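Q: okay, here's the prediction I keep looking at, along with the sequence it came from:
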Amino acid sequence: MLIAPRGRTSVTSKTSVEQCQDSIIMIVKDVTEIDEIQDNRAEELKNRGSSLTPMLIVVGDNWESIEHVYICINNNRWLMDNLINGFDTLFKSFYILETPFPKESSVLWGLIQKYVYKMELPQVDPGAAGILVDLKRISIANSVQQRETHQVAQQQQQQREIPVEQHQQREIQFEQQQQQGEIQVEQQQQQQNEIQQVEQQQQRKQKKKTNKLKLLK
């Protein structure tokens, strides 16, 4: 999808998009149509007071079945390996030939130069400047949203971890209580054993005393 130039009130949005596209790339069904396309394009630009700029012309029945890609400069054309290579060569040809971008697509070319080729714009088209500001605002908003989403995710993770920690603490407390209970049972058992031993000793003493009394009688 192509971005229509801004600030053009003399044409409809649909026409602006078509002019933007035609200033970059056009499609024909047969290679013999290229010369006619170039002549028509040159005449159209001449009537507007502009000169013919480098452009791509592709050959194919439709955009889904492109057979050949040509870069056309003035009355010359060169066959490219593919559409990506042709587009890259087209962009670089503006700098090699020191030719300004077409007015119809200057905004789009400015964005491509800025974000695809990472080149700073010496003179930013007003339309491109507006779009760049919008993109920057969107980028900042997305960054803030991502940061907030990350914070919410962290909080949710912490909330999930708290019950786990509490459960672990309860298990530890239960084990400690269980150990204390076992210790108390052992202590009680030991006390009972000691009491039994004392009682047995007293019984033995009493029995001995009784036996002595019997002997004396």
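A: Cool, got the structure.
Q: next, count neighbours for Ile112.
A: By other C-beta atoms under 10 Å, 18 other residues sit near Ile112. C-beta here means a position set from N, CA and C on the backbone, and glycine is covered the same way.
Q: I figured it hits Leu90, correct?
A: No - with contact defined as C-beta atoms under 8 Å, Ile112 does not count as touching Leu90 (10.3 Å).
Q: next, the spatially most central residue of the chain: secondary structure please.
A: The residue lying closest to the centre of the chain (C-alpha atoms, centre = their mean) is Gln146, at 9.2 Å. Secondary structure for Gln146, judged by DSSP: H, G, I helix; E, B strand; the rest coil, is helix.
Q: how about stretch 101-111 as CSV, C-alpha atoms only?
A: Written as CSV, here are the backbone C-alpha positions of stretch 101-111 (Å, rounded to 0.1, in the frame of the first residue of the first chain):
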residue,chain,number,x,y,z
PHE,A,101,12.5,12.6,-5.9
PRO,A,102,9.3,12.9,-8.0
LYS,A,103,6.9,15.5,-6.4
GLU,A,104,4.0,12.9,-6.4
SER,A,105,6.0,10.5,-4.2
SER,A,106,8.4,12.7,-2.3
VAL,A,107,6.7,12.0,1.0
LEU,A,108,6.9,8.2,0.5
TRP,A,109,10.6,8.4,-0.7
GLY,A,110,11.4,10.5,2.3
LEU,A,111,10.0,7.9,4.7
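Q: what comes up buried for the longest strand seen in the chain?
A: Taking DSSP state E as the criterion, the chain has its longest strand at strand 66-73. Residues of strand 66-73 classed as buried by neighbour count (16 or more other C-beta atoms under 10 Å): Val69, Tyr70, Ile71, Cys72, Ile73.
Q: can you pull out the low-pLDDT segments for this structure?
A: 1-15, 121-143, 158-167, 211-217 (pLDDT under 70).
Q: now the strands for it?
A: Using DSSP E, strands in the chain cover 25-28, 55-60, 66-73, 76-80.
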